[in-house]
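>>> coordinates only, sequence not included:
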């Protein structure tokens, strides 16, 4: 199996992060009542945090970090595609260079925060992909399982392939 690179808003990581963690939580309140009773109130799921760290390799590792920093500074939300784990609509919340610089290697860490407010468009039968979009992006946008989208679009060889301008079957 060929592992595809992690992507955010069309930008790819040359080397996937060494470690990724997903932090999921719910907002739970304990309400105290008279006579020692208490009630639990579950007010819903919080936005997930996606954290990771890794290494940038090569003589251009500083330039690789500068590209990540530029992506960080651009702001806004976008589709974060993580190989084998799917996609999430998120914002790039934090980026750090870590430790002492070494020749041809730079340690870094990042944090993405899920954006749950994203509204999907009305159901359609097809969609013309925007420039830089992939099947992963379309999968998230229309809330369609990626395996189903791949089966519906055999003309697309890989789900991480740029399909800008192509008509994509949604059902």
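Arrived safely. Because the structure is predicted, anything quoted here is derived from the model rather than measured. Numbering: from 1, shown residues only.
>>> show me where this protein has its strands.
7-8, 11-12, 19-23, 26-32, 38-45, 49-57, 77-82, 86-102, 105-114, 126-128, 167-169 (DSSP state E).
>>> now the ones you listed as TSV including mean neighbour count and mean pLDDT?
(Each C-beta comes from the backbone N, C-alpha and C, glycine too.) Formatted as TSV, these follow (neighbours: other CB atoms under 10 Å; pLDDT from 0 to 100):
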stretch	mean neighbour count	mean pLDDT
strand 7-8	21	89
strand 11-12	14	86
strand 19-23	13	91
strand 26-32	9	86
strand 38-45	9	84
strand 49-57	17	93
strand 77-82	22	87
strand 86-102	15	87
strand 105-114	19	94
strand 126-128	13	87
strand 167-169	15	90
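>>> residue 146: which of these is closest?
Ranking these by their distance to residue 146 (criterion: CB to CB) puts strand 86-102 first, at 7.0 Å.
>>> now tell me what touches that closest one from outside.
By CB atoms under 8 Å, 6 or more residues apart in numbering, the list of residues contacting strand 86-102 from outside reads 8, 48-50, 53, 65, 68-69, 71-72, 75-82, 106-116, 118, 136-137, 139-140, 146.
>>> same deal with stretch 152-161?
By CB under 8 Å, 6+ apart, the list of residues contacting stretch 152-161 reads 4-5, 7, 81, 134-136, 139, 146, 149-150, 163, 166, 168-171.
>>> show the average pLDDT along it.
Model confidence over stretch 152-161, given as mean pLDDT, is 89.
>>> still on that earlier bit, want to throw the strands of the chain into TSV with distance to residue 154?
Output for those, formatted as TSV (distance: least, CB to CB, whole Å):
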stretch	distance to residue 154
strand 7-8	22
strand 11-12	24
strand 19-23	30
strand 26-32	40
strand 38-45	35
strand 49-57	31
strand 77-82	20
strand 86-102	21
strand 105-114	31
strand 126-128	15
strand 167-169	10
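>>> domains for the protein, by residue range?
Domain assignment for the chain by automatic domain parsing gives 1-118, 122-171.
>>> coming back round to it: narrow the contacts of stretch 152-161 to those that are buried.
The neighbour-count test (16 or more other CB atoms under 10 Å) marks 4, 7, 81, 134-136, 139, 146, 149, 163, 166, 168, 170 as buried among the contacts of stretch 152-161.
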